[in-house]
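>>> Below: sequence and its predicted model.
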Amino acid sequence: MRNSLSTLSTRNTRNALAGLALVGLALTGCSAATDTTDDASATTEAATITLYTSEPQAKIDAVVAAFNVIEPGVTVDVFRAGTGDLTARIEAELTSGDVQADVLLAADAGTFEGYKADDLLRAYTPADVDALNPDVVDPDGFYTGTRIIPTVIAYNTTMIDTPPTSWQELTDSAYADLITMPNPDVSGAAAYNAAVWLNTPDLGDDWLSALAANNPVIAESNGPVSQAVATGTQPIGIVVDYLVRELKAAGSPIDVSYPAEGVPYVSQPVGIFASTSEQDASEAFVDFLVSAQGQELAVEQSYLPVRNDVGTPEGAPAMDDIAILSPDLQVISDSRADAVARFTELFS
(Lines give C-alpha, C1' and ligand atoms only; values in the text may rest on other atoms or scores of the structure.)
Protein backbone atom coordinates (compact mmCIF):
# COMPACT_ATOMS: atom_id res chain seq x y z
CA MET A 1 0.00 0.00 0.00
CA ARG A 2 1.47 3.37 -1.03
CA ASN A 3 1.12 6.22 1.35
CA SER A 4 0.10 8.98 -1.10
CA LEU A 5 -1.39 12.95 0.22
CA SER A 6 -2.54 34.35 6.85
CA THR A 7 -4.38 36.42 7.54
CA LEU A 8 -2.63 39.46 6.10
CA SER A 9 -3.25 42.79 7.64
CA THR A 10 -1.77 46.17 6.85
CA ARG A 11 -1.85 49.09 9.18
CA ASN A 12 -1.04 52.63 8.16
CA THR A 13 0.59 54.86 10.70
CA ARG A 14 -1.17 58.14 11.23
CA ASN A 15 0.64 61.46 10.95
CA ALA A 16 0.09 63.30 14.20
CA LEU A 17 0.52 66.75 12.69
CA ALA A 18 -2.40 68.89 13.79
CA GLY A 19 -2.73 70.52 10.39
CA LEU A 20 -3.40 67.12 8.72
CA ALA A 21 -5.82 65.77 11.32
CA LEU A 22 -8.75 65.40 8.91
CA VAL A 23 -6.59 63.69 6.30
CA GLY A 24 -5.23 61.38 9.00
CA LEU A 25 -8.75 60.39 10.05
CA ALA A 26 -9.68 59.68 6.47
CA LEU A 27 -6.60 57.55 5.94
CA THR A 28 -7.32 55.69 9.19
CA GLY A 29 -10.86 54.96 8.01
CA CYS A 30 -9.54 53.59 4.72
CA SER A 31 -7.04 51.41 6.58
CA ALA A 32 -9.77 49.96 8.81
CA ALA A 33 -11.89 49.14 5.78
CA THR A 34 -8.93 47.42 4.15
CA ASP A 35 -8.27 45.36 7.30
CA THR A 36 -11.88 44.18 7.47
CA THR A 37 -11.90 43.11 3.84
CA ASP A 38 -8.58 41.24 4.14
CA ASP A 39 -9.65 39.43 7.33
CA ALA A 40 -12.96 38.33 5.81
CA SER A 41 -11.30 36.96 2.68
CA ALA A 42 -8.64 35.03 4.61
CA THR A 43 -10.70 33.31 7.31
CA THR A 44 -13.96 31.40 7.63
CA GLU A 45 -16.85 33.41 9.00
CA ALA A 46 -17.26 33.07 12.77
CA ALA A 47 -19.09 29.84 13.56
CA THR A 48 -19.38 27.01 16.06
CA ILE A 49 -19.23 23.37 15.02
CA THR A 50 -19.73 20.25 17.10
CA LEU A 51 -17.26 17.42 16.57
CA TYR A 52 -17.93 13.82 17.57
CA THR A 53 -14.65 11.91 17.79
CA SER A 54 -12.94 8.86 19.24
CA GLU A 55 -9.53 10.55 19.18
CA PRO A 56 -7.71 10.64 22.55
CA GLN A 57 -8.60 13.88 24.34
CA ALA A 58 -5.09 15.33 24.41
CA LYS A 59 -4.62 14.68 20.71
CA ILE A 60 -7.90 16.19 19.59
CA ASP A 61 -7.25 19.21 21.85
CA ALA A 62 -3.96 19.73 19.99
CA VAL A 63 -5.69 19.37 16.63
CA VAL A 64 -8.33 21.95 17.52
CA ALA A 65 -5.69 24.36 18.84
CA ALA A 66 -3.68 24.08 15.61
CA PHE A 67 -6.83 24.53 13.53
CA ASN A 68 -7.72 27.67 15.49
CA VAL A 69 -4.38 29.24 14.64
CA ILE A 70 -5.58 29.21 11.03
CA GLU A 71 -9.29 29.65 11.70
CA PRO A 72 -9.57 31.63 14.96
CA GLY A 73 -13.20 32.49 14.28
CA VAL A 74 -14.38 28.85 14.34
CA THR A 75 -15.19 27.34 17.73
CA VAL A 76 -15.00 23.54 17.83
CA ASP A 77 -17.08 21.91 20.57
CA VAL A 78 -15.72 18.39 21.07
CA PHE A 79 -17.65 15.38 22.31
CA ARG A 80 -15.17 12.56 22.76
CA ALA A 81 -16.12 8.89 23.31
CA GLY A 82 -15.36 5.42 22.03
CA THR A 83 -16.74 4.65 18.60
CA GLY A 84 -19.37 2.29 20.01
CA ASP A 85 -20.67 5.02 22.29
CA LEU A 86 -20.59 7.56 19.47
CA THR A 87 -22.61 5.37 17.11
CA ALA A 88 -25.11 4.67 19.89
CA ARG A 89 -25.43 8.40 20.54
CA ILE A 90 -25.95 9.12 16.84
CA GLU A 91 -28.62 6.43 16.61
CA ALA A 92 -30.42 7.82 19.66
CA GLU A 93 -30.35 11.35 18.22
CA LEU A 94 -31.77 10.13 14.92
CA THR A 95 -34.80 8.65 16.66
CA SER A 96 -35.79 12.10 17.86
CA GLY A 97 -34.58 14.27 14.98
CA ASP A 98 -31.22 15.10 13.45
CA VAL A 99 -27.69 14.28 14.53
CA GLN A 100 -26.47 17.03 16.85
CA ALA A 101 -22.93 16.99 15.49
CA ASP A 102 -21.58 18.70 12.39
CA VAL A 103 -18.48 16.55 11.89
CA LEU A 104 -17.56 12.95 12.73
CA LEU A 105 -13.91 11.89 13.12
CA ALA A 106 -13.78 8.28 14.22
CA ALA A 107 -13.33 4.61 13.55
CA ASP A 108 -13.18 3.00 10.15
CA ALA A 109 -14.48 3.37 6.64
CA GLY A 110 -17.09 0.66 7.21
CA THR A 111 -18.89 2.85 9.75
CA PHE A 112 -18.95 5.73 7.28
CA GLU A 113 -20.16 3.46 4.49
CA GLY A 114 -23.23 2.73 6.60
CA TYR A 115 -23.89 6.40 7.25
CA LYS A 116 -23.40 7.15 3.56
CA ALA A 117 -25.95 4.50 2.62
CA ASP A 118 -28.42 6.07 5.04
CA ASP A 119 -27.93 9.53 3.47
CA LEU A 120 -26.56 10.96 6.70
CA LEU A 121 -23.41 12.46 5.20
CA ARG A 122 -22.82 15.50 3.01
CA ALA A 123 -20.58 14.99 -0.03
CA TYR A 124 -17.41 17.06 0.17
CA THR A 125 -14.05 16.67 -1.56
CA PRO A 126 -11.26 18.19 0.55
CA ALA A 127 -8.88 20.76 -0.82
CA ASP A 128 -5.64 19.22 -2.13
CA VAL A 129 -7.28 15.80 -2.40
CA ASP A 130 -4.83 14.73 -5.11
CA ALA A 131 -2.04 14.73 -2.50
CA LEU A 132 -3.83 12.07 -0.43
CA ASN A 133 -3.46 8.32 -0.55
CA PRO A 134 -6.38 7.36 -2.84
CA ASP A 135 -7.08 4.24 -0.76
CA VAL A 136 -8.45 6.39 2.08
CA VAL A 137 -10.62 8.69 -0.03
CA ASP A 138 -14.23 7.67 -0.61
CA PRO A 139 -14.67 7.70 -4.41
CA ASP A 140 -18.16 9.14 -3.90
CA GLY A 141 -16.75 11.98 -1.81
CA PHE A 142 -18.60 11.43 1.48
CA TYR A 143 -15.63 10.83 3.78
CA THR A 144 -11.83 10.89 3.81
CA GLY A 145 -9.30 9.01 5.91
CA THR A 146 -7.06 11.17 8.10
CA ARG A 147 -4.40 8.71 9.31
CA ILE A 148 -3.34 5.08 8.80
CA ILE A 149 -3.76 3.01 11.99
CA PRO A 150 -2.77 -0.67 11.67
CA THR A 151 -3.55 -3.24 14.35
CA VAL A 152 -0.48 -5.28 15.26
CA ILE A 153 0.97 -7.66 17.83
CA ALA A 154 2.67 -5.85 20.72
CA TYR A 155 4.95 -7.60 23.18
CA ASN A 156 6.82 -6.83 26.38
CA THR A 157 10.51 -7.06 25.56
CA THR A 158 11.52 -8.11 29.09
CA MET A 159 9.13 -11.07 29.04
CA ILE A 160 9.09 -12.25 25.42
CA ASP A 161 12.42 -13.22 23.85
CA THR A 162 11.07 -14.31 20.47
CA PRO A 163 7.89 -12.43 19.56
CA PRO A 164 5.09 -14.00 17.52
CA THR A 165 5.25 -13.03 13.87
CA SER A 166 1.80 -14.17 12.71
CA TRP A 167 -1.82 -14.20 13.81
CA GLN A 168 -1.81 -17.99 13.62
CA GLU A 169 1.04 -18.18 16.10
CA LEU A 170 -1.15 -16.53 18.74
CA THR A 171 -3.35 -19.63 18.82
CA ASP A 172 -0.44 -21.76 20.10
CA SER A 173 -1.08 -23.02 23.63
CA ALA A 174 2.20 -21.39 24.69
CA TYR A 175 0.33 -18.06 24.61
CA ALA A 176 -2.60 -19.20 26.77
CA ASP A 177 -3.53 -16.55 29.35
CA LEU A 178 -0.81 -14.18 28.04
CA ILE A 179 -2.79 -12.12 25.51
CA THR A 180 -4.94 -9.01 25.85
CA MET A 181 -7.04 -7.27 23.19
CA PRO A 182 -9.72 -4.55 22.98
CA ASN A 183 -13.48 -5.02 23.14
CA PRO A 184 -15.20 -4.53 19.75
CA ASP A 185 -18.36 -3.37 21.53
CA VAL A 186 -16.38 -0.27 22.57
CA SER A 187 -13.55 0.11 20.07
CA GLY A 188 -14.42 0.87 16.46
CA ALA A 189 -11.03 -0.43 15.32
CA ALA A 190 -11.61 -3.69 17.20
CA ALA A 191 -15.06 -4.11 15.63
CA TYR A 192 -13.59 -3.54 12.19
CA ASN A 193 -10.79 -6.02 12.95
CA ALA A 194 -13.26 -8.70 13.99
CA ALA A 195 -15.05 -8.38 10.66
CA VAL A 196 -11.77 -8.41 8.72
CA TRP A 197 -10.43 -11.48 10.52
CA LEU A 198 -13.66 -13.40 10.02
CA ASN A 199 -13.67 -12.54 6.31
CA THR A 200 -10.01 -13.42 5.71
CA PRO A 201 -9.78 -16.96 4.26
CA ASP A 202 -6.54 -17.87 6.06
CA LEU A 203 -8.06 -16.82 9.41
CA GLY A 204 -11.85 -16.84 9.70
CA ASP A 205 -13.98 -18.42 12.42
CA ASP A 206 -11.57 -21.31 13.05
CA TRP A 207 -8.76 -18.91 13.91
CA LEU A 208 -10.93 -16.68 16.08
CA SER A 209 -12.24 -19.73 17.97
CA ALA A 210 -8.68 -21.00 18.52
CA LEU A 211 -7.63 -17.56 19.77
CA ALA A 212 -10.55 -17.51 22.19
CA ALA A 213 -9.40 -20.90 23.51
CA ASN A 214 -6.21 -19.18 24.69
CA ASN A 215 -8.33 -17.12 27.08
CA PRO A 216 -7.19 -13.59 26.23
CA VAL A 217 -8.08 -10.73 28.55
CA ILE A 218 -10.58 -8.40 26.87
CA ALA A 219 -9.89 -4.76 27.76
CA GLU A 220 -12.28 -1.89 27.11
CA SER A 221 -10.15 -0.25 24.42
CA ASN A 222 -6.71 -0.07 22.83
CA GLY A 223 -5.26 2.21 25.51
CA PRO A 224 -5.57 -0.29 28.38
CA VAL A 225 -4.24 -3.04 26.11
CA SER A 226 -1.03 -1.14 25.37
CA GLN A 227 -0.58 -0.24 29.05
CA ALA A 228 -1.03 -3.87 30.11
CA VAL A 229 1.72 -4.95 27.71
CA ALA A 230 4.06 -2.13 28.71
CA THR A 231 3.71 -2.97 32.42
CA GLY A 232 3.91 -6.71 31.86
CA THR A 233 0.44 -7.44 33.20
CA GLN A 234 -0.16 -9.25 29.92
CA PRO A 235 3.01 -9.74 27.84
CA ILE A 236 1.23 -9.94 24.47
CA GLY A 237 -1.33 -7.50 23.08
CA ILE A 238 -3.37 -7.03 19.93
CA VAL A 239 -3.41 -3.25 19.59
CA VAL A 240 -3.04 -0.28 17.26
CA ASP A 241 0.59 0.41 16.42
CA TYR A 242 0.89 4.10 17.30
CA LEU A 243 0.30 3.39 20.99
CA VAL A 244 3.24 0.99 20.97
CA ARG A 245 5.49 3.62 19.37
CA GLU A 246 4.49 6.21 21.96
CA LEU A 247 5.17 3.92 24.90
CA LYS A 248 8.45 2.68 23.45
CA ALA A 249 9.60 6.28 22.87
CA ALA A 250 8.75 7.03 26.50
CA GLY A 251 11.04 4.22 27.65
CA SER A 252 8.60 1.35 28.20
CA PRO A 253 9.82 -2.19 27.39
CA ILE A 254 7.43 -2.70 24.49
CA ASP A 255 7.82 -3.35 20.80
CA VAL A 256 5.73 -4.29 17.79
CA SER A 257 5.45 -7.21 15.40
CA TYR A 258 3.59 -6.89 12.07
CA PRO A 259 1.94 -10.30 11.38
CA ALA A 260 2.95 -12.06 8.18
CA GLU A 261 -0.66 -12.64 7.06
CA GLY A 262 -1.21 -8.89 6.95
CA VAL A 263 -2.64 -6.28 9.30
CA PRO A 264 -6.10 -4.75 9.32
CA TYR A 265 -6.07 -0.99 9.52
CA VAL A 266 -8.49 1.85 10.05
CA SER A 267 -8.06 5.27 8.49
CA GLN A 268 -9.92 7.37 11.11
CA PRO A 269 -12.16 8.97 8.48
CA VAL A 270 -13.74 12.37 8.76
CA GLY A 271 -17.14 13.24 7.33
CA ILE A 272 -19.66 16.05 7.52
CA PHE A 273 -23.23 15.28 8.56
CA ALA A 274 -25.88 16.23 6.02
CA SER A 275 -27.85 18.01 8.74
CA THR A 276 -25.09 20.52 9.52
CA SER A 277 -25.99 24.20 9.49
CA GLU A 278 -22.30 25.17 9.44
CA GLN A 279 -21.13 23.81 6.12
CA ASP A 280 -18.27 26.26 5.49
CA ALA A 281 -16.73 25.86 8.94
CA SER A 282 -17.11 22.08 8.79
CA GLU A 283 -15.39 21.98 5.40
CA ALA A 284 -12.57 24.16 6.72
CA PHE A 285 -12.00 21.68 9.55
CA VAL A 286 -11.91 18.74 7.13
CA ASP A 287 -9.47 20.62 4.89
CA PHE A 288 -7.17 21.24 7.84
CA LEU A 289 -7.09 17.60 8.94
CA VAL A 290 -5.73 16.38 5.60
CA SER A 291 -3.63 19.45 4.78
CA ALA A 292 0.16 19.27 4.97
CA GLN A 293 0.05 21.11 8.30
CA GLY A 294 -2.66 18.84 9.70
CA GLN A 295 -0.79 15.73 8.58
CA GLU A 296 2.50 16.97 10.02
CA LEU A 297 0.66 17.17 13.33
CA ALA A 298 -0.63 13.62 12.82
CA VAL A 299 2.96 12.43 12.35
CA GLU A 300 3.99 14.29 15.52
CA GLN A 301 1.22 12.36 17.27
CA SER A 302 2.78 9.05 16.11
CA TYR A 303 0.27 8.32 13.33
CA LEU A 304 1.13 7.16 9.84
CA PRO A 305 -0.09 9.96 7.54
CA VAL A 306 -2.42 9.83 4.54
CA ARG A 307 -0.11 11.88 2.33
CA ASN A 308 3.51 11.25 1.34
CA ASP A 309 5.00 14.73 1.71
CA VAL A 310 5.10 14.98 5.51
CA GLY A 311 7.36 12.11 6.59
CA THR A 312 6.48 9.32 9.03
CA PRO A 313 6.87 8.92 12.79
CA GLU A 314 10.29 7.94 14.10
CA GLY A 315 10.59 4.16 14.22
CA ALA A 316 7.60 3.55 11.96
CA PRO A 317 8.01 1.31 8.92
CA ALA A 318 7.21 2.50 5.43
CA MET A 319 3.74 1.50 4.31
CA ASP A 320 5.30 -0.45 1.43
CA ASP A 321 6.95 -2.69 4.03
CA ILE A 322 3.67 -3.65 5.73
CA ALA A 323 1.36 -6.38 4.44
CA ILE A 324 -2.15 -4.91 4.53
CA LEU A 325 -5.51 -6.68 4.80
CA SER A 326 -7.89 -4.65 2.62
CA PRO A 327 -11.18 -6.53 2.21
CA ASP A 328 -14.21 -5.23 0.39
CA LEU A 329 -15.70 -2.44 2.51
CA GLN A 330 -19.26 -3.41 1.68
CA VAL A 331 -18.61 -6.95 2.93
CA ILE A 332 -17.12 -5.57 6.15
CA SER A 333 -19.97 -3.13 6.64
CA ASP A 334 -22.59 -5.85 6.07
CA SER A 335 -20.89 -8.37 8.37
CA ARG A 336 -19.68 -6.08 11.14
CA ALA A 337 -22.59 -6.55 13.53
CA ASP A 338 -22.49 -10.34 13.13
CA ALA A 339 -18.71 -10.30 13.63
CA VAL A 340 -19.01 -8.37 16.90
CA ALA A 341 -21.75 -10.74 18.06
CA ARG A 342 -19.58 -13.75 17.22
CA PHE A 343 -16.62 -12.22 19.04
CA THR A 344 -18.77 -11.63 22.12
CA GLU A 345 -20.06 -15.21 21.97
CA LEU A 346 -16.55 -16.66 21.80
CA PHE A 347 -14.76 -14.39 24.27
CA SER A 348 -17.38 -13.73 26.95
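Here it is on my side, so go on. Given the structure is predicted, the values throughout are model-derived calculations rather than measurements.

>>> which residues in the stretch 1-150 of the chain form strands?
47-53, 74-80, 103-105, 121-122, 144-145, 149-156 (DSSP state E, counting those that start in this stretch).

>>> so the second one versus strand 47-53, what angle?
Per axes from the mean of the first three to the mean of the last three C-alpha atoms, to 10 degrees, the angle that strand 74-80 makes with strand 47-53 is 20 degrees.

>>> Can you tell me the element Leu243 falls in?
Here Leu243 sits within helix 241-249, counting by DSSP states H and E.

>>> now the helices for the chain?
With DSSP state H as the criterion, the chain has helices at 21-42, 57-70, 83-96, 109-117, 188-198, 204-213, 222-231, 241-249, 279-290, 292-300, 329-347.

>>> Pick the most buried one from those.
Compared across the helices of the chain, helix 188-198 shows the largest average neighbour count, a mean of 26 (mean count of other C-beta atoms under 10 Å). C-beta here means a position set from N, CA and C on the backbone, and glycine is covered the same way.

>>> Check what contacts it and list those residues.
By C-beta atoms under 8 Å, 6 or more residues apart in numbering, the surrounding residues in contact with helix 188-198 are 54, 82-84, 86-87, 106-108, 110-111, 149, 151, 167, 181-185, 203-205, 207-208, 221-222, 238, 240, 264, 266, 325, 327, 332, 335-336, 339-340, 342-343.

>>> Format the strands of the stretch 1-150 of the chain as CSV; extra columns: mean neighbour count and distance to Pro253.
As requested, the strands of the stretch 1-150 of the chain are exported to CSV (neighbours: other C-beta atoms under 10 Å; distance: least, C-beta to C-beta, whole Å):
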stretch, mean neighbour count, distance to Pro253
strand 47-53, 21, 31
strand 74-80, 17, 29
strand 103-105, 25, 32
strand 121-122, 22, 43
strand 144-145, 26, 32
strand 149-156, 25, 6
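
>>> export those to TSV and tack on distance to Ala250?
Below are these laid out as TSV (distance: least, C-beta to C-beta, whole Å):
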stretch	distance to Ala250
strand 47-53	24
strand 74-80	22
strand 103-105	25
strand 121-122	37
strand 144-145	27
strand 149-156	14
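
>>> what about the stretch 1-150 of the chain, any weak spots by pLDDT?
Along the stretch 1-150 of the chain, the model assigns pLDDT under 70 to residues 1-43.

>>> repeat that with 80
Applying pLDDT under 80 to the stretch 1-150 of the chain flags residues 1-44, 107.

>>> same question, the stretch 201-348 of the chain
Ranges of the stretch 201-348 of the chain meeting pLDDT under 80: 318-320.

>>> Mind doing that once more with 50?
Within the stretch 201-348 of the chain, no range satisfies pLDDT under 50.

>>> count of residues packed around Asp140?
By the measure other C-beta atoms under 10 Å, the count of residues near Asp140 is 11.

>>> wait, doesn't it sit right on Ala123?
Yes - under the criterion of C-beta atoms under 8 Å, Asp140 makes contact with Ala123 at 6.8 Å.

>>> Against Val99, how distant is Thr312?
34 Å (C-beta to C-beta, to the nearest Å).

>>> ok, the two, which is more surrounded?
Legend: neighbour count by other C-beta under 10 Å for Thr312 and Val99, higher for Val99 (21 against 17).

>>> related to what we said a few turns ago, what is in contact with Asp140 and Ala123 at once?
Common neighbours of Asp140 and Ala123 (C-beta under 8 Å, 6+ apart) do not exist.

>>> just to revisit the earlier point, okay if I get the helices of the chain as JSON lines plus distance to Asp161?
Listed next are the helices of the chain as JSON lines, based on distance: least, C-beta to C-beta, whole Å:
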{"stretch": "helix 21-42", "distance to Asp161": "58"}
{"stretch": "helix 57-70", "distance to Asp161": "33"}
{"stretch": "helix 83-96", "distance to Asp161": "35"}
{"stretch": "helix 109-117", "distance to Asp161": "37"}
{"stretch": "helix 188-198", "distance to Asp161": "27"}
{"stretch": "helix 204-213", "distance to Asp161": "22"}
{"stretch": "helix 222-231", "distance to Asp161": "15"}
{"stretch": "helix 241-249", "distance to Asp161": "17"}
{"stretch": "helix 279-290", "distance to Asp161": "41"}
{"stretch": "helix 292-300", "distance to Asp161": "32"}
{"stretch": "helix 329-347", "distance to Asp161": "27"}
